[in-house]
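Asks: Provided below are the primary sequence and the corresponding predicted coordinates.
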Amino acid sequence: MSPTIDEGDLTMEITYTKDRNYLVPKHGLPEQADHTLQDKYGSMMHQYLKDHRPILWERMILDGTLFIHLLQIDRAAYDWLEHAKAAKATAAFKSAGPMKQVELMNTCKASA
């Protein structure tokens with residue numbers, strides 16, 4: 001048995017299981033991505049959301065989007081770092097001058 005509730009833009013389907021003579025609604029959190037795949041930047045974002053944006057953090061957990069978001073943050077950060085390394089914006093390039101390094105980093109940001 002699965003009636004549908006429609007409140008404007010919010011549509012939610014409720015499923016029930018029969019327990020003796022009662023229909024009990026099934027509820028729980030949605031399936032989430034494997035959160036062990038996140039790395040440094042995903043962990044930093046997770047800590048920031050938990051400490052400074054607790055309402056958003058809880059909503060993302062309940063929606064099942066938190067760990068997907070953290071993985072996207074990780075990928076974006078590492079892509080940006082790879083792009084910066086490809087542009088040779090490393091410590092060796094700092095010796096050429098700080099303005100040249102700033103110029104390269106701005107180019108990396110603009111192309112990302």
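Replies: Thanks, I have it. Numbering: from 1, shown residues only.
Asks: just the CA trace of the lengthiest helix in the chain, in CSV.
Replies: In terms of residue count, the longest helix belonging to the chain (DSSP state H) is helix 66-86. Listed next in CSV are the C-alpha coordinates belonging to helix 66-86 (Å, rounded to 0.1, in the frame of the first residue of the first chain):
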residue,chain,number,x,y,z
LEU,A,66,25.9,15.5,2.0
PHE,A,67,28.4,12.9,1.1
ILE,A,68,27.8,13.4,-2.7
HIS,A,69,28.5,17.1,-2.1
LEU,A,70,31.7,16.4,-0.2
LEU,A,71,33.0,14.1,-2.9
GLN,A,72,32.3,16.8,-5.5
ILE,A,73,34.2,19.3,-3.3
ASP,A,74,37.1,16.9,-3.1
ARG,A,75,37.2,16.3,-6.8
ALA,A,76,37.0,20.0,-7.6
ALA,A,77,39.8,20.8,-5.2
TYR,A,78,42.1,18.1,-6.5
ASP,A,79,41.3,19.1,-10.1
TRP,A,80,42.2,22.6,-9.3
LEU,A,81,45.5,21.6,-7.6
GLU,A,82,46.4,19.4,-10.6
HIS,A,83,45.7,22.3,-12.9
ALA,A,84,47.9,24.6,-10.8
LYS,A,85,50.7,22.0,-10.8
ALA,A,86,50.4,21.7,-14.6
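Asks: just name the shakiest helix or strand of the chain by mean pLDDT.
Replies: strand 4-7 (a mean of 54; mean pLDDT, DSSP states H and E).
Asks: just to revisit the earlier point, for the longest helix of the chain, name the packing helices and strands.
Replies: helix 40-52, helix 54-63, helix 98-111 (3 or more C-beta pairs under 8 Å, 6 or more residues apart in numbering; DSSP states H and E). All C-beta atoms are positioned from the backbone trio N, CA, C, and that covers glycine.
Asks: same thing but at 7 Å, please
Replies: helix 40-52, helix 98-111 (3 or more C-beta pairs under 7 Å, 6 or more residues apart in numbering; DSSP states H and E).
Asks: buried residues in the first one?
Replies: Within helix 40-52, the residues that count as buried by 16 or more other C-beta atoms under 10 Å are 41-42, 45-46, 49.
Asks: and the two most separated of those?
Replies: Maximum pairwise distance among these (C-beta to C-beta): 12.6 Å, between Tyr41 and Leu49.
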